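In: for reference, the sequence and a predicted model appear below.
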Amino acid sequence: MNEKENKQGKSLEDIEEVITTAIEKIGGDKENDLCRFLPMSVGGYMHHFTLRKMKLKQPFELGSLIKQFIINPKKPNAVAPKQRAARGSKKRKDQMTFTRIQLERLLNIAKQTGDKEMISLLSPKTSLVAAKRNLMTSIRQGLVEEDLWFAYKESAESYQFIQDANKQFMAMDKD
């Protein structure tokens, strides 16, 4: 057991020496600076957790990697980062996107041509309560606006559809 501990202690001392030499060579401040110079088989450079893990569990392999990619070359090359998947927006490339101003212009064109389907498609969706309020306000003012009626009708149909779906779901849940 003493011999194993002694070997491990010697290997940790050796790896510390190799790491210190490598940090000086690249002009870094800390161990993590070495990661950018150590390539991985899956692409990109070594993660600092991997470096720490290898330092404790596989010091000889880490030492050979550091020597191969940092100490032995005259000028070590930094490894390009691994390509990552795009985050956030899941926009499809073949799908057109419009700004709010462009949508308003399209809506005005649809209103001028009287295309009710396009009007309902491009109109902002309103809640049933808001559509009812807008419709009642226009009636009180003595104005007849078909758009408000269609918005109310569409909101009411959507609301009814959701209510029916919830009833079906609750009935299935009881069974």
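Out: Arrived safely.

In: domain map for the protein?
Out: The chain breaks down into these domains under automatic domain parsing: 2-71, 100-174.

In: number of residues surrounding residue 78?
Out: Other residues lying near residue 78 total 11 when counted by other Cβ atoms under 10 Å. Every C-beta, even on glycine, is put in place using the N, C-alpha and C of the backbone.

In: where do the helices sit along the chain?
Out: Ranges of helices within the chain are 2-26, 48-57, 59-66, 100-113, 116-122, 128-140, 146-174, based on DSSP state H.

In: mind putting these into CSV with distance to residue 41, mean neighbour count and mean pLDDT?
Out: Output for the helices of the chain, formatted as CSV (distance: least, Cβ to Cβ, whole Å; neighbours: other Cβ atoms under 10 Å; pLDDT from 0 to 100):
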stretch, distance to residue 41, mean neighbour count, mean pLDDT
helix 2-26, 20, 13, 73
helix 48-57, 11, 14, 90
helix 59-66, 11, 18, 90
helix 100-113, 47, 13, 86
helix 116-122, 51, 14, 77
helix 128-140, 57, 14, 87
helix 146-174, 49, 12, 77
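
In: identify whichever of those helices lies nearest to residue 76.
Out: helix 2-26 (6.0 Å; Cβ to Cβ).

In: and residue 101, how far from residue 108?
Out: Going from residue 101 to residue 108 by Cβ to Cβ, to the nearest Å gives 11 Å.

In: mutual contacts of those two, please.
Out: Common neighbours of residue 101 and residue 108, using Cβ atoms under 8 Å, 6 or more residues apart in numbering, do not exist here.

In: report the central residue of the protein.
Out: The centroid of the chain falls nearest to residue 87 when counting by Cα atoms, centre = their mean (2.4 Å).
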